[in-house]
Structures are given as C-alpha cells and as structure tokens.
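Asker: Could you look at this predicted model? Sequence included:
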Amino acid sequence: MAEQKIFAGPRIRRLRLSKALSQTAMASELGISPSYLNLIERNQRPLTVQLLLKLSSVYRIEAEEFGEEGGLLPALRQAFADPLISGELAGEGEIADLAASAPNAARAILKLHQAYREQAERLSDLGELLAREGRASLLAGARLPADEMRETLERRPHHFAAIEAEAEEFARALGPSEDLLAALKTWLRAEHGIAVRVLPASAMPVWRRRYDRHSQRLFLSERLSPFDQLHEVALEAALLRMDKAITAEIADLALSSDEARRLARFEIGRYAAHALAMPYSAFARAAASARYDIAVLAARFRVSFGQAAERLTTLARPGEAGVPFFLLEIDHAGHRLRRLGAAGFPLLRFGGACPKLVSYAAFARPGEILFEAVEMPDGARFLTLARTLEGLAAGFDERPRRTALLLGCEFERRSEIVYADRLPASAAGGETAGVPIGPACRSCERVACIARAEPPLTRPLGLDEMARGVSAFDFQ
C-alpha cells in the first residue's frame, strides 16, 4: 500500500466512543501514545499505513473505509457540482470538512439532493411528454411573467406606503361623501372629461370594464355587482391620479419584463382602489373595534366581503399595524389564484395546499363563514376562516364562477378576533391547535392521513403486500 495522508479524526473518535473506550485504552490497544491518538482525533496527525493496518486487525474494519469517509466525499463533490449550489462553497476544503466532521448531516444533504434530482427528472419527462403532444411552448422556458409578478408580491408584505399616502390625499381632495361612486364619477368628468356608463351584457359580451379614449367614456358591464362597479371606477381613477406613485412602486419590484410590469401595474392599481374605498386609518380603527368581523367591515365601508378581507392583509403601517393576516384564494379545482400577506404569504410555514384546509370545505357551504384552528407538523398554529365568493353574474346558459377565500393569522392573536370566540373550548384555550395539516402532500410526512393526495418526495413508498395503511400512499 502506497504511503498517503489520510485525516480521519472524527471517524476514529466515533469508533472509540462506540466501543466505550478512553483515549488511553484505545492507544494501548493500537500501540501508540494517548497524546498521539489525541492529535489524530483532532486531525492534527494523519493515519499512517501501519496504523491503518493495526486498526483493521484490532477492530475488524477494512482500511479502505477510512478513505474519504466511506465514499461520502466523492458523492458530496458530485452534489455540490450541481449548478444550483455550485457557487455556495469556497473550495474543496469545506466539502472535506463536512464529510469528516458531520457525516450524518452530509448523508442527509445527499438524500435531499437525490430527491431533488428525481423530481427534476420527473419534470423533464413531463416536459418531453408535453412536447410530443405539442403543448410544451411556454412551459419549457423561463417563468411566465404572471408567475414572476405573483411570486414577487407573495414574498413581500402586502403594504405599499406611498400608495396609502396618495389614496388618503386623493380621498381628502374628493371631500366627504356618503356616495364614493358618485364622487369618483364627478371627479373623472371634471378632471379628465370621462363619463361612466353601465352597458347591458349583450353590448359587452367579453368585457367587465372598457375605457374608450376616443369618446372619453368608461363602460362597465351590468354583470358587475354594485361593489365591483365601485371597484372598477376607483381603479380607473387611481391609475390616473396615482400614476407616478404606482410607477415608482413597480420599479421597486425589480421585475424582469415589460409584461410582468404591466401586470404589476394592474395589481397595484387594484390595491390603490381598495385603499381609496377603505382609507387606511379609518379602516384600521374600525377593524380593531369590530374585532376583525369582515361582514361588519364590508357593510360599514360599502364594499364586498372579499374586498374587506383583502384589505385586512394590508394593515402593516408602522404605528398603526393590525393583526398580520394572510390570504389565499382558490377555485373548485384547487388552483391557487392569489396569495397575499401583511408580512408576506407564509409559504414555507403554512404552504396553503393541504386538502384538509377549510377553504375546500367552503364550496359545499356557499356563503357561510367557516373557521377552525390548524396545526402544522412543526407545531406552528394558525386561526383560519374561509368563505366562498361569487363572480360575475352569469347568464342562464353559463356556469357561475365561484371561488373560496381563506384568511389566516397566527393562533396567538386569536383573542383579538371575533371568530375565535366560537372555537371549541380546547382549541381556544390552547390545549390543542385543532386540525393537523401540512404545507402540501408532497412535502408533508404526516402518517395515516386519509386526505393525502400524493406521496411525500422525502420518503420512499412502503410497498407491502401483507399490509396496507389508511392513507392512499403508504411510505417508509
């Protein structure tokens, strides 16, 4: 065997501890001094060929097992060569240190990397299948502009301080009015010569709102509810009155394409319309006073339930912050349409894709407010409530569009919220957090879950012909 330097101090130490030996006892069995063994365990001296042979004969261990931590180092080199993380480590030394000093953590990293690679291969196979069927197009490239815009807004707090200030100034300019819609119509005509008209659905078969620049008229579909008509007029007014502030907020988002920025302009305009209809300070005071009763707030500010619920996710002004709610909207098929939060949507902590969430049950009880406490696998607890929202008025030959809105917050803030008063005593008292859920089936390791729709990525499937669990996907 050629002479080589092998540093395996942590492995020698684990071997000694596994056999309950002191350094003096092990040094005696190997025929070396305790001080020399101490230097070896601290990686200040390498293992010599003679010592490797002695270890092999005394403890029945193959000498090759001490080379590169039994194959860990080559596997780690391969994992950290992945373009996703290739720039995270400064050099080879860190990989060697990881393999030597924390082999169990290194193996966990390799397991996660293997799961990531397998999932990437599955997606690649899916991409090839779609390509063969002529449906690959945009999916094969970078993120869609809508995806980039949504993900950017999800990660940041749903609060735009400059827009709030502009909305309050605009409200003061409009003056006190019992009818905001009438005040906005008057402002549009006086400042921009724009008239607002509501047209029959037959005249606007594919539009809910359309601005005709030539005739200076803003057309609204009669299919819009009175709340949605107000929102569309407020949106148009906000885009005109707050153009500079909206443009500045879009620039701060640092989006990568004109299309993403155009979509962000609409979303921030939507935010501005809510801020105009529900001025921040007045709404924040009313929300705290009503203990966040959404129906009461909707009636007081003459907006819809969904608009009032969304406004609750914006209460993050320093000194006037409310309960930090987050919001998720889904459709019948489970598609996630919007995710917002006063502190950003808690995607890592909450997820929002668990089939046991009350938002899915809301479709069976339209118009009713459902609420419950939930607990994540890590013990984090949330108070959640859900209600269905009705879309545009549908014709006799159309299927109505219905979505479900889920609003959530930290369970510790429950005493401030009226809905928590009707939770079961055990949940309200903190003895239990209620329904056990997970972020999503693919990332949840809860066993015996009868609602599980997919196997977890982190566990191999348990294929046992002699036994079958209650879950549709048993795993080890």
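Answerer: Looks like it came in fine. Note that this is a predicted model, so its numbers are computed, not measured.

Asker: Stretch 439-450 spans what distance, first to last residue?
Answerer: Start to finish, the residues bounding stretch 439-450 are 16 Å apart (Cα to Cα, to the nearest Å).

Asker: List the buried residues in that stretch.
Answerer: Neighbour counts over stretch 439-450 (16 or more other Cβ atoms under 10 Å) mark 439, 440, 441, 444, 446, 449 as buried. In this view, the C-beta of every residue, glycine as well, is placed from N, C-alpha and C.

Asker: can you tell me which residues contact the closest residue to the first one other than its chain neighbours?
Answerer: The one in question is residue 439. For residue 439, ignoring the flanking residues on the chain, the nearest one in space by Cβ to Cβ, 6 or more residues apart in numbering is residue 351 at 2.5 Å. When contacts are counted by Cβ atoms under 8 Å, 6 or more residues apart in numbering, residue 351 touches 438, 439, 440, 443.

Asker: how near is residue 29 to residue 22?
Answerer: Look at residue 29 and residue 22: by Cβ to Cβ, to the nearest Å, they are 11 Å apart.

Asker: If you could redo that for residue 102, that was the one I meant.
Answerer: 24 Å.

Asker: Same check on residue 253?
Answerer: From residue 253 across to residue 22, the span is 62 Å (Cβ to Cβ).

Asker: quick one, which of the two is more surrounded?
Answerer: A count of neighbours by other Cβ atoms under 10 Å puts residue 253 above the other of residue 253 and residue 22, at 16 against 12.

Asker: what's near enough to touch the more buried one?
Answerer: Neighbouring residues of residue 253 by Cβ under 8 Å, 6+ apart: 149, 152, 153, 156, 261, 264.

Asker: pLDDT score for the closest residue to the second one other than its chain neighbours?
Answerer: In this case it means residue 152. Excluding the flanking residues, the one nearest residue 152 by Cβ to Cβ, 6+ apart is residue 253, at 5.4 Å. Looking at residue 253, its pLDDT stands at 93.

Asker: now do residue 1
Answerer: Reported pLDDT for residue 1: 38.

Asker: what does residue 342 give?
Answerer: 94.

Asker: Let me know whether it touches residue 316 as I believe.
Answerer: Yes - between residue 342 and residue 316 there is a contact under Cβ atoms under 8 Å: 4.5 Å.

Asker: Specify the local secondary structure of the spatially closest residue to residue 371 that is not a sequence neighbour.
Answerer: With sequence-adjacent residues excluded and distances taken as Cβ to Cβ, 6+ apart, residue 371 is closest to residue 385, at 3.8 Å. Three-state call for residue 385 (DSSP: H, G, I helix; E, B strand; the rest coil): strand.

Asker: bridging residues for residue 385?
Answerer: As for beta bridges, residue 385 partners with residue 371, residue 407 under DSSP bridges.

Asker: That one: what's it in contact with?
Answerer: Residue 385 neighbours (Cβ under 8 Å, 6+ apart): 358, 369, 370, 371, 372, 406, 407, 408, 419.

Asker: The nearest residue to the second one once chain neighbours are set aside and residue 453, how far apart?
Answerer: Sequence neighbours aside, residue 387 is the residue nearest to residue 369 in space, at 4.9 Å (criterion: Cβ to Cβ, 6+ apart). Relative to residue 453, residue 387 is positioned 23 Å away (criterion: Cβ to Cβ).

Asker: Between the two, which has more neighbouring residues?
Answerer: Legend: neighbour count by other Cβ under 10 Å for residue 387 and residue 453, higher for residue 387 (23 against 14).

Asker: Just after the helix or strand of the chain with the lowest mean pLDDT, pick out the following helix or strand.
Answerer: Least confident helix or strand, the chain: helix 425-428 with a mean of 57, by mean pLDDT, DSSP states H and E. Using DSSP states H and E, the helix or strand that follows helix 425-428 in sequence is strand 435-436.

Asker: so what's the backbone phi/psi at the residue minimising distance to the centre of the chain?
Answerer: The centre of the chain sits closest to residue 347, judged by Cα atoms, centre = their mean, with a distance of 2.0 Å. In terms of degrees, to the nearest 10, the main-chain angles of residue 347 are phi -60, psi -40.

Asker: Please apply the same query to residue 289.
Answerer: Torsion angles, degrees, to the nearest 10, at residue 289: phi -70, psi -40.

Asker: Report the separation between it and residue 174.
Answerer: 24 Å.
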